[in-house]
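Chemist: Show me how the following folds:
(chains A, B, C and D)
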There are 2 protein chains.
Amino acid sequence: MKPVTPRRQRRRVPRQRRALITVEAILDAVVRILKREGVTAVTTNRIAEVAGVSVGSVYQYFPDKRAVFVALHKRHVEEIDRVLERALVRHANSSLEEFVSAMVIAMTEAHAADPQLYELLFSEVPHRGGDTRDFPTRFHGAFRAALSSRTRELKPRRRLDQTAFVVTHMLESLSHGAVLRRPAGVSFADAKAETVRSILAYLRA
Amino acid sequence: MKPVTPRRQRRRVPRQRRALITVEAILDAVVRILKREGVTAVTTNRIAEVAGVSVGSVYQYFPDKRAVFVALHKRHVEEIDRVLERALVRHANSSLEEFVSAMVIAMTEAHAADPQLYELLFSEVPHRGGDTRDFPTRFHGAFRAALSSRTRELKPRRRLDQTAFVVTHMLESLSHGAVLRRPAGVSFADAKAETVRSILAYLRA
DNA sequence: TGACAATGTGTATGAATACTCATATTGCTG
DNA sequence: CAGCAATATGAGTATTCATACACATTGTCA
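Modeler: Predicted structure coming up:
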């Protein structure tokens, strides 16, 4: 039985440009190894090798291997969040239909950029332990707010928490499915359009 | 660079009762260790120890450690599938509303039985590599069929592949959320009811 | 430019642990 | 009940791999 929190401090906070480059190179290396050789091939030594950096450098910025995975997840999640938040702001005053459509486009395109990575990150790389929460949790509040300013376009007698719960989950799940789990006979465009329709159907029903 | 498929054959196929008991004991042990000590504590030796079996026995039935995880996933998925298929058969002739409601109940209860395990299995245990497909993929056909026999209750001009795509994803994602990711202020009952409503709203819209 | 901090290096080490194998035990079948 | 196949054993081995550390290089700023 190991100690519950053996986690050491992050060694160093990057201050110079080259340090940031090193950190990025390390994360990129993990992605490359993940894609080409699978999780089991991701060893600290190989990370360093592929990153063109020495093992020591890995440990300058990450207390242990797990921390590298956590950072990778974090980077990915932040990228998604940036895209979504931008769309959220941009469509603060759009109609309900435009709003939903924009969210679906943002979400699918954020993931379609690198579906394989998205897949690997969720199926192979251990991610809990870092505090990354899932999409519906991260965006519940934002969607609740976005919906509350559009109550005119919604069926009345809504409980916004429930509504945001459903919408965030539909958005994540269907976008995910549209990008990497489409059944035969459903194109990417079909899937996106149907996702928009289904969310609107729910909101207006 | 490791060989792409170093995977050895499954050593032995259990023929006697005691062999099955051993295999089950091994999988149960993994679950217990997972819950009590976390993934990192799952070593082959510890599995054997907790299972009350020798390491050798583990390797009688599993070519390597990863195969144990894959088998665990498989067992879990098969359990879920059993529950769902039973509900699917039982409600072959129910109304659309009853059908959807039954699916949501089946799905949530299948998972609510052991939410912690469900969570761990998805967030901590590497699962691809085994050929376990996700729920929407596994059940696309079944739902397509179930829906096609209820076209009277659906809005016309449906493309069934798209419809099944949306329904299977909603069912999985919202049930998942209802069991382990409810936002504050949404009870389990609320979440289930809203899941049913949202799916019906989509199907009738 | 000098000096200190930041960053980078990579060999060396030892602990962890996946897996083997020779042997023992148990169950089945004729 | 004999004999063969199935199952179980567990100490030992080989290997992998995370991590430490002592030293080198580079950037910054007075």
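
Chemist: Every contact and neighbour count from this point should use C-alpha atoms.
Modeler: Noted.

Chemist: how near is the closest residue to DNA strand C within chain A to DNA strand D?
Modeler: When distances are taken as Cα to the nearest atom of the strand, chain A approaches DNA strand C most closely through A:Gly56, which lies 2.9 Å from it. When Cα to the nearest atom of the strand, to the nearest Å is the yardstick, A:Gly56 and DNA strand D sit 4 Å from each other.

Chemist: so what pLDDT did that residue get?
Modeler: At A:Gly56, the predicted lDDT confidence score is 96.

Chemist: and A:Pro63, how many neighbours?
Modeler: Other residues within reach of A:Pro63 by the criterion other Cα atoms under 10 Å in any protein chain shown amount to 16.

Chemist: Chain A: helices as residue ranges?
Modeler: Shown for chain A, the helices assigned by DSSP state H span residues A:17-37, A:44-51, A:55-61, A:65-90, A:96-112, A:115-123, A:135-148, A:160-180, A:188-204.

Chemist: Can you list the buried residues in the helix or strand of chain A with the lowest mean pLDDT?
Modeler: For chain A, the helix or strand with the lowest mean confidence is helix A:115-123, at a mean of 88 (criterion: mean pLDDT, DSSP states H and E). Neighbour counts over helix A:115-123 (16 or more other Cα atoms under 10 Å in any protein chain shown) mark A:Pro115, A:Leu117, A:Tyr118, A:Leu120, A:Leu121, A:Phe122, A:Ser123 as buried.

Chemist: Quick check: residues of chain A near DNA strand C?
Modeler: Contact residues, chain A versus DNA strand C (Cα under 7 Å from any atom of the strand): A:12-19, A:21-22, A:52-57, A:60.

Chemist: tell me the most buried of the helices of chain A?
Modeler: helix A:160-180 (a mean of 24; mean count of other Cα atoms under 10 Å in any protein chain shown).

Chemist: Which elements pack onto that one?
Modeler: Identification of packing neighbours for helix A:160-180 by 3 or more Cα pairs under 8 Å, 6 or more residues apart in numbering or on different chains; DSSP states H and E yields helix A:96-112, helix A:135-148, helix A:188-204, helix B:160-180, helix B:188-204.

Chemist: okay, those helices in a markdown table with distance to B:Leu72 and mean pLDDT next?
Modeler: What follows is the helices and strands packed on helix A:160-180, written out as a markdown table (distance: least, Cα to Cα, whole Å; pLDDT from 0 to 100):
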| stretch | distance to B:Leu72 | mean pLDDT |
| --- | --- | --- |
| helix A:96-112 | 29 | 97 |
| helix A:135-148 | 27 | 97 |
| helix A:188-204 | 32 | 97 |
| helix B:160-180 | 19 | 97 |
| helix B:188-204 | 27 | 97 |
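
Chemist: Would you mind listing what in chain A touches chain B?
Modeler: On the criterion Cα under 8 Å from any Cα of the partner chain, chain B has as its neighbours in chain A the residues A:1-2, A:37, A:41, A:122-128, A:137, A:140, A:161-162, A:165-166, A:169-170, A:173-174, A:177, A:181-186, A:190-191, A:194-195, A:198-199, A:201-202, A:205.

Chemist: Check those residues one by one and keep those near DNA strand D.
Modeler: A:Ala41.

Chemist: what residues does chain A put near DNA strand D?
Modeler: Taking Cα under 7 Å from any atom of the strand as the contact definition, chain A meets DNA strand D at A:16-18, A:40-45, A:55-56, A:59, A:63-66.

Chemist: and the residues you listed, which two are the farthest apart?
Modeler: A:Gln16 and A:Thr40 (32.0 Å; Cα to Cα).

Chemist: Make a markdown table from the helices of chain A and add distance to B:His91 to it.
Modeler: Compiled in a markdown table, those are given as follows (distance: least, Cα to Cα, whole Å):
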| stretch | distance to B:His91 |
| --- | --- |
| helix A:17-37 | 43 |
| helix A:44-51 | 53 |
| helix A:55-61 | 56 |
| helix A:65-90 | 40 |
| helix A:96-112 | 33 |
| helix A:115-123 | 33 |
| helix A:135-148 | 31 |
| helix A:160-180 | 25 |
| helix A:188-204 | 24 |
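
Chemist: tell me, what residue is most central in chain A?
Modeler: Here the mean C-alpha position of chain A is nearest to the C-alpha of A:Val77 (Cα atoms, centre = their mean), at a distance of 3.5 Å.

Chemist: OK, contacts around that residue?
Modeler: Going by Cα atoms under 8 Å, 6 or more residues apart in numbering or on different chains, A:Val77 touches A:Thr132.

Chemist: A:Ala146 reaches A:Ala92, doesn't it?
Modeler: Yes. Applying Cα atoms under 8 Å, one finds A:Ala146 in contact with A:Ala92, separated by 7.1 Å.
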